[in-house]
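Enquirer: Quick one: sequence plus predicted model below, questions after.
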Amino acid sequence: MRFALALPLFFAFGPSLARSQSFVVKDVRVFDGERVADRRSVLVENGRISQVAGPDLRVPQGTEVIDGRGRTLLPGLIDSHVHLTDSAAADLRQALSLGVTTVLDMFSGSTRFEHIKLLRAADSAGLADVRTAGIGASAPGGHPSQMGGPPFPTLTDSSEAEDFVTQRAAEGSDFIKIVYDDLSSLGMSLPTLGRGTVAALIAAAHAHGKLAVVHALSEAQARTAIELGADGLVHLFTGPTVSNDFAAIVASLGAFVVPTLGVLYASCGKPNGAGIVGDSLLRPFIRPMWRPMMTRTISWPNGPQSCDGTGAAIRQLSENKVPILAGTDAPSPGQTYGASLHGELDLLVGAGLSASQALIAATSAPARAFGLTDRGRIAPGLRADLLLVDGDPTKDVHATRRIAAIWKRGVRVARARYDN
């Protein structure tokens, strides 16, 4: 049966079989995932970065030469928080067409999870690569069960944690997602896992060699999760303030944070979706079915939240050198695959990060945090997942939207465009 499922993918995503062509991007500004250098040449061979040198690099005969003058070459972008739909292949195609070469799926079960695993294994040159949490850990009746969909396994106490994680590891989860949130910060009240269960899940994940990442939308629960040993938070939180020592605690325990500012700011009455879908550099690559969703907002029982503490937390995290990872929570209302990551970069800069820090949040920082050692930087031996843009995004982060070319594993991407 597994072969029968894989066969249509073989034909539908034939670009996975495309052979990488040797090419060199010459005389280009390079942001290598950490720092920027002018007038560099980057040679790609067999789907890998072969050399990074000066403009006088000797180009092998027969190698395609791409003029990089006035442009910047970056690692392919990584979205550290998405939720793929039943149309996962189309979601990944859209992401890739907007320069996002890898996405991290934060909760998938049932047949969707099986489909995502097939896409992950295929690693098609025509779709963004994917890693997935599979089924996340939640309490019976807890988030996200209120959103509908097929039932999924839940936990009632800490004694079930080891078995839960063992099953997720056997199924192929790349990391373990834990929901530690009753949604009270949004004016709702749902069951949630107990502190002991969260601790047991984190310990079990680590025993299986898996990262444990936590969804929490209040500072109190976020702090507890970090103190219990969570590797990262996949959201920040809303609120009028943040404790002075929050980021220091996160830093001292070596955790990372995926703020998902776009969705948090929307809950505070400051949505950014209309600006994203209205951008002529992004809109043509957003599937028409998603465009109406970009201007949708959600009315919470307690009305708009305050995000003053959210912005202050970002500044704290940056000052304490906590790894900040860019993630969108697509397809939440106002967010979509690929395009919204460019919006998230803009919000991170608005919250106080430099443009280069925001780019790190979408390249080397997530690669390092999630153990993706073959990507996220431009260096010899790494995958040629690359994004070429006009201008200098280390000075104006909006330049990431001016896409000149995208490569995945050295294969140039034919961008999926929707002009209707």
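Expert: That came in fine, so what should we check first?
Enquirer: The stretch 251-400 of the chain: strands as residue ranges?
Expert: 256-257, 386-390 (DSSP state E, counting those that start in this stretch).
Enquirer: Could you give the average pLDDT over the shortest one?
Expert: Mean per-residue pLDDT for strand 256-257: 98.
Enquirer: quick one, helices of this protein?
Expert: 2-12, 88-97, 110-122, 161-171, 195-207, 219-227, 246-252, 261-267, 273-277, 308-319, 339-350, 355-361, 364-369 (DSSP state H).
Enquirer: What average pLDDT does the first one get?
Expert: Spelled out, that is helix 2-12. In the prediction, helix 2-12 has an average pLDDT of 33.
Enquirer: okay but Val263 is in contact with Ser332, surely?
Expert: Yes: under the criterion of Cβ atoms under 8 Å, Val263 makes contact with Ser332 at 4.9 Å. C-beta here means a position set from N, CA and C on the backbone, and glycine is covered the same way.
Enquirer: So which of these two has more stuff around it?
Expert: Taking neighbours as other Cβ atoms under 10 Å, Val263 and Ser332 compare with Val263 leading, 26 against 21.
Enquirer: which ones are touching the more buried one?
Expert: 235, 328-329, 332, 334-335 (Cβ atoms under 8 Å, 6 or more residues apart in numbering).
Enquirer: Turn those into JSON lines, including distance to Phe256 and pLDDT.
Expert: Putting the contacts of Val263 into JSON lines (distance: Cβ to Cβ, whole Å; pLDDT from 0 to 100) gives the following:
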{"residue": "His235", "distance to Phe256": "12", "pLDDT": "98"}
{"residue": "Thr328", "distance to Phe256": "16", "pLDDT": "98"}
{"residue": "Asp329", "distance to Phe256": "16", "pLDDT": "98"}
{"residue": "Ser332", "distance to Phe256": "21", "pLDDT": "95"}
{"residue": "Gly334", "distance to Phe256": "24", "pLDDT": "97"}
{"residue": "Gln335", "distance to Phe256": "20", "pLDDT": "98"}
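Enquirer: Could you identify the pair within the residues you listed that is furthest apart?
Expert: Greatest spatial distance among the contacts of Val263 (Cβ to Cβ): His235 and Gly334, at 14.8 Å.
Enquirer: Who has more neighbours out of those two?
Expert: Under the criterion of other Cβ under 10 Å, the comparison of His235 against Gly334 puts Gly334 first, with 27 against 24.
Enquirer: Now the more buried one: closest residue in space, sequence neighbours ignored.
Expert: Spatial nearest neighbour of Gly334, chain neighbours left out: Gly273 (3.1 Å); criterion: Cβ to Cβ, 6 or more residues apart in numbering.
Enquirer: For that neighbour, give its distance to Phe175.
Expert: According to Cβ to Cβ, to the nearest Å, Gly273 stands 27 Å off from Phe175.
Enquirer: okay, those two: which has more neighbours?
Expert: More crowded of Gly273 and Phe175, by other Cβ under 10 Å: Gly273, with 25 against 21.
Enquirer: Can you check the pLDDT for the more buried one?
Expert: Gly273 is given a pLDDT of 97.
Enquirer: need the contact list for it.
Expert: 262, 266, 293-296, 333-336, 340, 343.
Enquirer: ok, 7 Å please
Expert: By Cβ atoms under 7 Å, 6 or more residues apart in numbering, Gly273 lies in contact with 294-295, 334-335.
Enquirer: what about burial for those residues, which qualify?
Expert: 294, 334-335 (16 or more other Cβ atoms under 10 Å).
Enquirer: and the nearest residue to Ala404 once chain neighbours are set aside, how far is that from Pro75?
Expert: Leaving aside its chain neighbours, Ala404 sits nearest to Leu388 (4.5 Å; criterion: Cβ to Cβ, 6+ apart). Here Leu388 is placed at a distance of 11 Å from Pro75 (Cβ to Cβ).
Enquirer: So for these two, which residue has more residues nearby?
Expert: Using other Cβ under 10 Å, the more surrounded residue of Leu388 and Pro75 is Pro75, with 29 against 21.
Enquirer: Give me the neighbour count for the spatially closest residue to the more buried one that is not a sequence neighbour.
Expert: The spatially closest residue to Pro75, leaving aside those adjacent along the chain, is Thr363, at 4.4 Å (Cβ to Cβ, 6+ apart). Counted by other Cβ under 10 Å, the residues lying close to Thr363 total 29.
Enquirer: and Thr363, what does it touch?
Expert: 33, 74-75, 77-78, 376-377.
Enquirer: cutoff 10 Å now
Expert: Listed by Cβ atoms under 10 Å, 6 or more residues apart in numbering, the contact partners of Thr363 are 31-34, 74-78, 101-102, 325-326, 375-378, 385, 387.
Enquirer: now Pro292
Expert: 277, 333.
Enquirer: Next, work out how far apart it and Tyr418 are.
Expert: In terms of Cβ to Cβ, Pro292 sits 13 Å off from Tyr418.
Enquirer: where are the low-confidence patches of this protein?
Expert: Counting by pLDDT under 70, the chain contains low-confidence ranges at 1-20, 420.
Enquirer: picking up where we left off before, my guess is the residue nearest to Ala404 contacts Ala399. True?
Expert: No: if you go by Cβ atoms under 10 Å, Leu388 and Ala399 don't touch, sitting 11.0 Å apart.
Enquirer: overlap in contacts of the two?
Expert: Counting by Cβ under 10 Å, 6+ apart, the residues touching both Leu388 and Ala399 are 71-72, 74.
Enquirer: Closest one of those residues to Leu347?
Expert: Once Cβ to Cβ is applied, the member of these that ends up nearest Leu347 is Leu74, at 18.5 Å.
Enquirer: number of nearby residues for that closest one?
Expert: Leu74 has 26 neighbours, counted by other Cβ under 10 Å.
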